[in-house]
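Asker: Pasting the sequence and the predicted coordinates here, then a few questions.
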Amino acid sequence: MSGLNSVTKKAVQIENLSVYYGQTPAIAGVCLDVDDGGYLGIIGPNGGGKSTLLKAILGLVPKASGTIQIYGQAFRGNKGLVGYVPQFSGLNRSFPITTREVVLMGKLKPGLTPLHKFTGADQEGTEELLERVGIYHLASRQIAALSGGEFQKMLIARALAVNPRCLLLDEPTASVDASSRDQIYDLLAELNTQMTIILVTHDLRAISSQVRTLACLNGHLVYHGEPELSERLVNSLYGSPVDLIAHGVPRRLMKEHKEG
Ligand SMILES: Nc1ncnc2c1ncn2[C@@H]1O[C@H](COP(=O)(O)OP(=O)(O)OP(=O)(O)O)[C@@H](O)[C@H]1O
């Protein structure tokens, strides 16, 4: 039995995953796992299949082949295991709703009626989440009046409302300023002490400072391992050195590593 204890628990295990849109493969033959408590960064060019991979983990797109296990089980609806911060929230920024109400919506469970009444615990939990992500002072503000960074923090709070063991984030720093970006990364580092994190990002600077493992996706998995970006690897993902500079990749990230 001691052997069992020495096996690291896996939050996510993906075997030979392929997803097609119509006849076109978005990702093919992806094998990937994430330890419980791990912090995986996923990078890759536009259209490389990063969002599709997150959606497949959530069961939002059908698999053409392969298996996905979340904490050892096939994902069957969100039972609080996984929180998701989507790339496009689907929220209309001009909709008259407050920050607090959006986070409270994260407490909604499937099958509730429109007349559902939130409990006092739901309300209190929402206040705690707003505090936790640093936007308690914005609770009553209309979402139209939030900055990009504040909006992302609100989406993270909403994702945390299910009390997830694993948090998936799709480019949460895409449209935020440098200071909010640092705050979001600090928040993710703190959250990672309590939950597994899978972060899709174009921000290669975050890779060296934040994540513990790295996956590079360009239709198929190009690399999975230590978060070290060799010049060859990044070139093969993003193209020319000019593109690297456009992505703001510091030279110090370009450590040589052995590719198998
Ligand atoms: N609903 C869809 N219907 C058809 N094709 C789609 C759909 N969603 C994504 N695709 C295609 O699948 C491929 C992978 O898209 P995906 O959004 O997963 O990539 P990504 O790596 O997240 O890209 P980005 O960095 O631009 O967000 C792209 O070629 C995209 O055009």
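Answerer: Sure thing, it's come through.
Asker: ok, now which ones touch the spatially closest residue to residue 105 that is not a sequence neighbour?
Answerer: By the measure of Cβ to Cβ, 6 or more residues apart in numbering, the closest residue to residue 105 outside its immediate chain neighbours is residue 158, 6.5 Å from it. Backbone N, C-alpha and C define where each C-beta goes, glycine included. Neighbouring residues of residue 158 by Cβ atoms under 8 Å, 6 or more residues apart in numbering: 85, 102-103, 105-106, 129.
Asker: Turn the residues you listed into JSON lines, including secondary structure, distance to the ligand and pLDDT.
Answerer: Converted to JSON lines, these look like this (DSSP: H, G, I helix; E, B strand; the rest coil; distance: Cβ to the nearest ligand atom, whole Å; pLDDT from 0 to 100):
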{"residue": "85", "secondary structure": "strand", "distance to the ligand": "14", "pLDDT": "95"}
{"residue": "102", "secondary structure": "helix", "distance to the ligand": "23", "pLDDT": "94"}
{"residue": "103", "secondary structure": "helix", "distance to the ligand": "25", "pLDDT": "95"}
{"residue": "105", "secondary structure": "helix", "distance to the ligand": "24", "pLDDT": "89"}
{"residue": "106", "secondary structure": "coil", "distance to the ligand": "23", "pLDDT": "89"}
{"residue": "129", "secondary structure": "helix", "distance to the ligand": "26", "pLDDT": "97"}
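Asker: ok, of the residues you listed, which come out buried?
Answerer: 85, 102-103, 106, 129 (16 or more other Cβ atoms under 10 Å).
Asker: quick one: residue 89 from the ligand, how far?
Answerer: From residue 89 across to the ligand, the span is 14 Å (Cβ to the nearest ligand atom, to the nearest Å).
Asker: That residue contacts residue 155, correct?
Answerer: Yes - the pair residue 89 and residue 155 passes the contact test of Cβ atoms under 8 Å, sitting 5.6 Å apart.
Asker: Those two: which has the busier surroundings?
Answerer: Set residue 89 next to residue 155 and count neighbours by other Cβ atoms under 10 Å: residue 155 wins out with 22 against 16.
Asker: mind checking pLDDT for that one?
Answerer: Listed pLDDT for residue 155 reads 96.
Asker: which SSE is it in?
Answerer: Using DSSP states H and E, the element containing residue 155 is helix 148-160.
Asker: same question, residue 69
Answerer: strand 65-70.
Asker: Identify the bridge partners of the one residue sitting closest to the centre of the chain.
Answerer: Central residue of the chain (Cα atoms, centre = their mean): residue 169, 1.9 Å from the mean position. Applying DSSP bridges to residue 169 gives these bridge partners: residue 85, residue 199.
Asker: Tell me which residues touch it, please.
Answerer: By Cβ under 8 Å, 6+ apart, residue 169 lies in contact with 84-85, 156, 159, 188, 197-200.
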